[in-house]
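Novice: heads up, no residue letters with this:
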């Protein structure tokens, strides 16, 4: 949030602000998330100022010094930046829709290209190998464009039009493609790791051989012409249609985003969930014989009435929020080729080790016995009694004769 003192100085006007900046050059003003809608900021010295996620829509920023300023995620909708200096400014994910620039606006080539795409569209263009990482391309028309080998990692492409786009080997890691039109797009060998495809349309799209680890397929639209690898299609099916009583024996569901999927009564024998996001999943009464949960995220997962005796739970995230009611689980969970870990969270686990309370009582009992024995020998010593009395063997031999 913005620093209230810095905001107060800003509202005193350009003369007071610039004088303060000159007198206090070591101070980096914090105006993050400030609402500066339609404000006149002409000629202000904003060098290195933090405008992260600030609302600067329709503001006048003409002739301002914004070099090295942080404008990450800032809303510059309709703002005027004529003659502004944005040398080395951070404009990652900034909104540049209807932003006014001129030839004297100092801006790096990447940001200017984004501005052109946002305001002029990018349909039918050759954008191969372009760097658009961390850019805000909301609602941009990139239909039928060549984006092969393009870097679109962490870009915001929600509601964008990528119909018929060629995205072979493009990097879309962690990109936001919410409600994006990807109909008939070609995504072979594209990197879709952690991409948000929720509510996106993939009608007729080609995604064979794409890297689809942790993709969010929630409500993603596909049809019989959409070409997905077996694993990706299965994940889409589970996320959108559930897995109640489904047989998934020996299926590979590792590195998958399966949040909230209902696996109730499913047969998950030897299923591989390694490193997957299984938050909020329901495994009630599922068959988990030899199921692999290694390194999986099981926050708020439900394992009510399941058998986890032979399941691999090594490195599982957040045991404390898992529902293990009436769950049968082995005492020892063995990591792959590593040490054995103990699990102490299941309520019905049969313990083979003693609790701390039991060990404390045993210690007290042993100590008491030692005190009694020591006191007895000390008493005999004090009364000149022999510590050891040998048996009367003569009496025994006489009885035998």
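Specialist: Received the coordinates, thanks. This structure is a prediction, so every number in the text was calculated from the model and none was measured.
Novice: where along the protein do the helices fall?
Specialist: Ranges of helices within the chain are 4-10, 14-23, 109-120, 230-241, 356-382, 393-400, based on DSSP state H.
Novice: would TSV of the ones you listed with mean neighbour count and mean pLDDT be doable?
Specialist: For every residue, glycine as well, the C-beta is placed using N, CA and C. Formatted as TSV, the entries for the helices of the chain read as follows, by neighbours: other C-beta atoms under 10 Å; pLDDT from 0 to 100:
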stretch	mean neighbour count	mean pLDDT
helix 4-10	15	97
helix 14-23	14	97
helix 109-120	17	97
helix 230-241	17	98
helix 356-382	10	76
helix 393-400	8	50
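Novice: Could you dump the ones you listed into TSV and include distance to residue 265?
Specialist: Putting the helices of the chain into TSV (distance: least, C-beta to C-beta, whole Å) gives the following:
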stretch	distance to residue 265
helix 4-10	57
helix 14-23	66
helix 109-120	49
helix 230-241	14
helix 356-382	38
helix 393-400	75
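Novice: Quick one: closest of those to residue 48.
Specialist: The minimum distance between residue 48 and the helices of the chain falls on helix 14-23, with 9.7 Å, by C-beta to C-beta.
Novice: Return the list of helices and strands in contact with that closest one.
Specialist: Contacts of helix 14-23 with other secondary structure elements, assessed using 3 or more C-beta pairs under 8 Å, 6 or more residues apart in numbering; DSSP states H and E, are made with helix 4-10.
Novice: Quick one: the strands in the stretch 251-400 of the chain, in order.
Specialist: For the stretch 251-400 of the chain, the strands defined by DSSP state E, counting those that start in this stretch cover 307-308, 328-329, 332-334, 340-342.
Novice: hmm, which helix or strand of this protein has the shakiest average pLDDT?
Specialist: Least confident element among the helices and strands of the chain, by mean pLDDT, DSSP states H and E: strand 340-342 (a mean of 30).
Novice: give the contact list for residue 90.
Specialist: When contacts are counted by C-beta atoms under 8 Å, 6 or more residues apart in numbering, residue 90 is found next to 69-72.
Novice: low-confidence ranges in this structure?
Specialist: 318-357, 379-381, 384-401 (pLDDT under 70).
Novice: Give me the domain ranges for it.
Specialist: Structural domains assigned to the chain are 1-120, 121-230, 242-360, following automatic domain parsing.
Novice: Compare those domains and give me the one nearest residue 382.
Specialist: Each of the domains of the chain has some distance to residue 382 by C-beta to C-beta; the shortest is domain 242-360, at 32.8 Å.
Novice: Distance-wise, check residue 52 relative to residue 194.
Specialist: 22 Å (C-beta to C-beta, to the nearest Å).
Novice: With residue 304 instead?
Specialist: As defined by C-beta to C-beta, residue 304 lies at a distance of 30 Å from residue 194.
Novice: Ok, residue 291 next?
Specialist: Going from residue 291 to residue 194 by C-beta to C-beta gives 24 Å.
Novice: Ok, residue 295 next?
Specialist: As defined by C-beta to C-beta, residue 295 lies at a distance of 16 Å from residue 194.
Novice: ok, now residue 84?
Specialist: Going from residue 84 to residue 194 by C-beta to C-beta gives 34 Å.
Novice: Which among the domains of the chain is found nearest to residue 371?
Specialist: Closest to residue 371 of the domains of the chain is domain 242-360 (C-beta to C-beta; 16.7 Å).
Novice: first to last residue in that closest one, what's the distance?
Specialist: 49 Å (C-alpha to C-alpha, to the nearest Å).
Novice: before we move on, what about stretch 172-189?
Specialist: For stretch 172-189, the separation between the terminal residues is 11 Å (C-alpha to C-alpha).
Novice: Same question for stretch 209-220.
Specialist: Across stretch 209-220, the terminal residues are separated by 18 Å (C-alpha to C-alpha).
Novice: If you count neighbours, what's buried in that stretch?
Specialist: If you call a residue buried by 16 or more other C-beta atoms under 10 Å, then stretch 209-220 has these buried ones: 210-218, 220.
Novice: before we move on, what about stretch 291-305?
Specialist: Counting neighbours by 16+ other C-beta under 10 Å, stretch 291-305 gives 291-303 as buried.
Novice: same check, this time on stretch 75-88
Specialist: For stretch 75-88, a neighbour-count test (16+ other C-beta under 10 Å) marks 75-86 as buried.
Novice: Identify, out of the domains of the chain, the most deeply packed stretch.
Specialist: Of all the domains of the chain, domain 121-230 has the most neighbours on average by mean count of other C-beta atoms under 10 Å, namely a mean of 21.
Novice: Can you give me the first-to-last residue distance of it?
Specialist: Taking C-alpha to C-alpha, the span from the opening residue of domain 121-230 to its closing residue is 35 Å.
Novice: same question, stretch 175-186
Specialist: Stretch 175-186 end-to-end distance (C-alpha to C-alpha) = 16 Å.
Novice: ok, and what's touching it?
Specialist: 143, 152-168, 195-206.
Novice: cool, stretch 36-44 as well?
Specialist: By C-beta under 8 Å, 6+ apart, the surrounding residues in contact with stretch 36-44 are 10, 14, 17-18, 54-65.
Novice: Go again with 7 Å.
Specialist: The set of residues that contact stretch 36-44 without belonging to it, under C-beta atoms under 7 Å, 6 or more residues apart in numbering, is 14, 17-18, 54-64.
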